[in-house]
Structures are given as C-alpha cells and as structure tokens.
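Novice: this one's structure only:
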Ligand code: THU
C-alpha cells in the first residue's frame, strides 16, 4: 500500500497594512463591499474583490434570502460576476474580508468549500494560480497563492 500526502502553505501578514500596495487597495474594496452585504439572517457580512487582468476590480458580497439555501456567498457572487462581465479574462488576485455584527472576528475567514470549488474552475481555466488574500474584520491576513493550497485534489474538467 502507498500513501499520498497533501500539504498546504499560506503566507501570513500581521495586518493589512503589510500587504503590497495594490493588494491593500483591493482589500479595502473587499471591506467596503462587505459592509454593503445583504446578510439580515446571519448578520455575517462577507466581501470579495477580484483584480482582473485589465486592472478592473469586480466585487461581490453575500446575498441572503428568506429561503436560506437560496442565498449565495460573497466569493461566488464576485467570481460569477467576473465571469459574466469579463468572460475568459484572467483573475490576478482575490481579496476577502468577513465581519460579524455579533462578535469581533480577528481570525482570517477562508472561502467555504463550495466557493473553493467555484474558484478552482476559473483557476484551472486560466492555467495560473489565483492568489487569495483573506482576513476577518481586523488582524492577520492569510495568503493562499493558489486555490490548490485550500482545495487539494481538485475535481475539475479533466476528471470528466
Ligand atoms: N459566507 C460567505 O459569503 N462566504 C464564505 O466563504 C462563508 C460564508 C456567507 C454565507 C452566509 O450569507 C453567511 O456568510 C453565513 O454563513
């Protein structure tokens, strides 16, 4: 019997002020977007900002619904918006920030499993890693240089 092991690597920034200038600005857009999220049921607001190859920024926030499962996360709202607005355009970076109205979130909040799968579709297609910077409301920022760091052993079009 053989074993297969996966390992992951994240870069850790003490604070968003430590980020490269361009990414800091992207994170500020994620934060502004987060504060406009429609999250009346969870009070958990998430914002995502995508830096596109043409240097435009595409944003998304979580959109909840009285029928709970009909809501959508910020990351998928943003990446599907990017796919609709700029079909096939590579994504240079993604920034995510989450805030709860009930408690202060100081730990970085990663994209959920379904969002990881959605992000992987675009990363596989562009054949280049999408660096994902994610944080809570304040404090450390984690960087995954590719979705593969967060989602090893991806199911993608090559499995079909
Ligand atoms: N949420 C996101 O927007 N992104 C994630 O990766 C995790 C969860 C949203 C979904 C829901 O509106 C709220 O946060 C609570 O789960």
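Specialist: Sure, I can see it. Owing to the predicted nature of the structure, the values given are computational and were not obtained by experimental measurement. Numbers count the residues shown, from 1 in each chain.
Novice: Quick check: residues of the protein near the ligand?
Specialist: 39, 42, 44, 46, 62, 64, 71, 73-75, 111-112, 115 (C-beta under 6 Å from any ligand atom). Just so you know, the C-beta spots here come from the backbone N, C-alpha and C atoms, and that holds for glycine as well.
Novice: Return the subset of those residues lying in helices.
Specialist: 74-75, 115 (DSSP state H).
Novice: can you give me the helices in this structure?
Specialist: Using DSSP H, helices in the chain cover 21-35, 74-85, 113-126.
Novice: now the ones you listed in TSV, with mean neighbour count?
Specialist: Below are the helices of the chain laid out as TSV (neighbours: other C-beta atoms under 10 Å):
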stretch	mean neighbour count
helix 21-35	18
helix 74-85	20
helix 113-126	18
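Novice: now the residues of the chain next to the ligand: which count as buried?
Specialist: 39, 44, 46, 62, 64, 71, 73-75, 111, 115 (16 or more other C-beta atoms under 10 Å).
Novice: Of these, which pair is most distant in space?
Specialist: Taking C-beta to C-beta, the two most distant members of these are 64 and 111; they sit 16.7 Å apart.
Novice: about what we covered before: and which of the residues of the chain next to the ligand is nearest residue 89?
Specialist: Nearest member of the residues of the chain next to the ligand to residue 89, counting by C-beta to C-beta, is residue 75, at 17.2 Å.
Novice: which residues touch the closest one?
Specialist: 46, 48, 60, 94, 96, 111-112, 115, 118-119 (C-beta atoms under 8 Å, 6 or more residues apart in numbering).
Novice: give me that answer again for 7 Å
Specialist: 48, 60, 96, 111, 115, 119 (C-beta atoms under 7 Å, 6 or more residues apart in numbering).
Novice: ok so, going back, just the closest of the ones in helices among the residues of the chain next to the ligand to the ligand, please.
Specialist: Set against the ligand, the nearest of these by C-beta to the nearest ligand atom is residue 74 (3.9 Å).
Novice: Just to check, the closest one is in contact with residue 63?
Specialist: No: between residue 74 and residue 63 there is no contact under C-beta atoms under 7 Å: 8.3 Å.
Novice: Strands of this protein, start to end?
Specialist: 11-13, 44-52, 57-61, 91-100, 132-135, 141-144 (DSSP state E).
Novice: Dump these to TSV, plus distance to residue 83.
Specialist: Shown next, in TSV, are the strands of the chain (distance: least, C-beta to C-beta, whole Å):
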stretch	distance to residue 83
strand 11-13	27
strand 44-52	10
strand 57-61	9
strand 91-100	10
strand 132-135	16
strand 141-144	20
